[in-house]
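S.K.: Sequence first, then the predicted structure, then my questions.
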Amino acid sequence: MANEKILDVQYPTITSWQWHATLFSILGDDDNARRWIYSNYIQLRCYNINEIFTGNDMLFADLMPGSSSLKQCPYLITSLMTKEQIESYTSSVIDFIIKTIDINGYVYGVFDEAKILCDVAVDYKFPHELFIYGYNTEKEIFYVADFTFTDHYSYSTVSFKDVERGYSVITASDDHMFKDDYKGTRGLYVILKNNNARYYDLDIELIKTTLHEYLESKDTKNHFRMLRNRFNDTTFGVDVYDKLIETIDKQLHAEEPDFDIRALHIMYDHKVLMHERLKYLMANDFIPMDQALLDEYLSVVENTLTARNLLVRISITDEIDRADRFPKYLNAAKETEIKVLTKVLEQLEAVE
């Protein structure tokens, strides 16, 4: 066994949730993967949940597909290893991760990052997804990617000891990734890159259908109800803008203002990815090249980014009086996005 092995990663295009950042880190700019990526990630959804760490009410927003993308993407081979399987195959989770990386497998799962961040004993847990893509046995470190160790998504290292501590204390109820999909169990995801052959062509029919659903705020989750029971309060498509404006207003004018930028960040990532999709469709002659249309959609990206950065600023300066700018930025983005995507949809539907 070599002292060190580091699998390929590329800083992801979108970083709002760990599952998206992991998928994009592994696949990077691969041409085959882009055909699947640009056929998906069009629809937005949001709903209110109790935040897993604080118990506070939280607006959870995400692209579709969400965390399930790690299993659904045809350019990833994902194996789900329960804790019992891991323990039966190897002497320790450290050995399991090293052996997985040796066969070019990435590891993804929930660890108690309070145990990773703190050398002293603490009486709380911070269960969070960790992406592991390399090791060095001489230094006894894993190469990882996460949001927790800096104020943004970054690549870092964590000691073998801390990874083992962080893994050992997680229960099935703590494992918010594994238990929801796999019936109350816990474990780790083993992910192999599978992009050497072309398994998926750009699906124009899917793009058209999903653009319709996005622009009309239709309930896309009904397509997937055979997989899981659904929430009753989900908002879809461009209506997410209105839900977000309403939520920000409540958060900032509460007795104790809440500066949660996560829903705004997923909105920004959605616009970044949509802009890239439009460039791809034009560059590959699915719709006519139109720089003016791209520039118009870029204003959607910029207005969403400005709204996100404004919330970051308010969280630092406590300038709540600036909160009245959110509807201006987000409504402008919504109006322009509807205009641009309606034109794109018309162009796609005009092609036989």
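M.R.: Now that the structure is in, tell me what you want to look at.
S.K.: where does the stretch 51-200 of the chain have low pLDDT?
M.R.: Regions of the stretch 51-200 of the chain meeting the criterion pLDDT under 70 cover residues 51-56, 113-126, 148-150, 175-184.
S.K.: what does stretch 86-96 rub up against?
M.R.: Defining contact as Cβ atoms under 8 Å, 6 or more residues apart in numbering, one finds that stretch 86-96 is touched by 81, 99, 160, 163, 164, 167, 168, 187, 188. Using the backbone N, CA and C atoms, a C-beta is placed for each residue, glycine as well.
S.K.: Distance check, the fourth one against residue 219.
M.R.: Looking back up the chat, that one is residue 163. From residue 163 across to residue 219, the span is 40 Å (Cβ to Cβ, to the nearest Å).
S.K.: what's downstream of the host helix or strand of residue 21, the next helix or strand?
M.R.: If you go by DSSP states H and E, residue 21 is part of helix 18-27. With elements assigned by DSSP H and E, the helix or strand that comes after helix 18-27 is helix 31-37.
S.K.: buried stuff in that following helix?
M.R.: 32, 33, 34, 35, 36, 37 (16 or more other Cβ atoms under 10 Å).
S.K.: Over to stretch 162-173?
M.R.: By neighbour count, and taking 16+ other Cβ under 10 Å as the criterion, the buried residues in stretch 162-173 are 162, 163, 165, 166, 167, 170.
S.K.: So which of those are in helices?
M.R.: Cross-referencing the buried residues of stretch 162-173 against helices under DSSP state H gives 162, 163, 165, 166, 167.
S.K.: looking at it, the fourth one is touching residue 130, isn't it?
M.R.: Yes: checked against Cβ atoms under 8 Å, the pair residue 166 and residue 130 is within contact range at 7.4 Å.
S.K.: hey, where'd the helices end up in the stretch 51-200 of the chain?
M.R.: 69-72, 83-89, 93-102, 113-117, 160-168, 178-181 (DSSP state H, counting those that start in this stretch).
S.K.: Could you check how far the fifth one is from the centre of its chain?
M.R.: So that's helix 160-168. When C-alpha coordinates are averaged (Cα atoms, centre = their mean, to the nearest Å), helix 160-168 and its chain have centres 24 Å apart.
S.K.: Straight-line length of stretch 315-326, end to end?
M.R.: The straight-line separation of the ends of stretch 315-326 (Cα to Cα, to the nearest Å) is 14 Å.
S.K.: can you check stretch 36-48 too?
M.R.: The first-to-last residue distance of stretch 36-48 comes to 29 Å (Cα to Cα).
S.K.: Can I get the helix or strand residue 205 falls within as PDB, trimmed to CA atoms?
M.R.: Secondary structure assigned from DSSP H and E places residue 205 in helix 204-215. What follows is helix 204-215 as a C-alpha-only set of coordinates in PDB (Å, rounded to 0.1, in the frame of the first residue of the first chain):
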ATOM      1  CA  ILE A 204     -34.300  18.100 -24.700                       C
ATOM      2  CA  GLU A 205     -37.800  16.800 -23.900                       C
ATOM      3  CA  LEU A 206     -37.000  16.600 -20.200                       C
ATOM      4  CA  ILE A 207     -35.600  20.100 -20.300                       C
ATOM      5  CA  LYS A 208     -38.700  21.400 -22.000                       C
ATOM      6  CA  THR A 209     -41.000  19.600 -19.600                       C
ATOM      7  CA  THR A 210     -39.100  20.800 -16.500                       C
ATOM      8  CA  LEU A 211     -38.900  24.400 -17.800                       C
ATOM      9  CA  HIS A 212     -42.700  24.300 -18.100                       C
ATOM     10  CA  GLU A 213     -43.000  23.000 -14.500                       C
ATOM     11  CA  TYR A 214     -40.500  25.600 -13.200                       C
ATOM     12  CA  LEU A 215     -42.200  28.600 -15.000                       C
END
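S.K.: Helix or strand next in line after that helix, which one?
M.R.: Counting by DSSP H and E, the element that comes right after helix 204-215 along the chain is strand 235-236.
S.K.: which secondary structure elements does that next one contact?
M.R.: If you count contacts as 3 or more Cβ pairs under 8 Å, 6 or more residues apart in numbering; DSSP states H and E, strand 235-236 packs onto strand 44-50.
S.K.: got the phi/psi numbers for residue 299?
M.R.: The phi/psi pair for residue 299 (degrees, to the nearest 10) reads phi -70, psi -30.
S.K.: thought it was touching residue 335?
M.R.: No: using Cβ under 8 Å, residue 299 is not in contact with residue 335, being 10.2 Å away.
S.K.: ok, for residue 161, nearest residue in space, not its chain neighbours?
M.R.: Sequence neighbours aside, residue 140 is the residue nearest to residue 161 in space, at 7.3 Å (criterion: Cβ to Cβ, 6 or more residues apart in numbering).
S.K.: residues contacting that neighbour?
M.R.: By Cβ under 8 Å, 6+ apart, the neighbours of residue 140 are 159, 160, 161.
S.K.: quick one: which of these is most hemmed in?
M.R.: Highest neighbour count within the contacts of residue 140: residue 160, with 20 neighbours (other Cβ atoms under 10 Å).
S.K.: now what about stretch 141-155, what contacts it?
M.R.: In this structure, residues lying in contact with stretch 141-155 by Cβ under 8 Å, 6+ apart are 6, 9, 11-12, 15, 18, 21-22, 25, 97, 113, 116-117, 126, 128-136, 156-160, 163.
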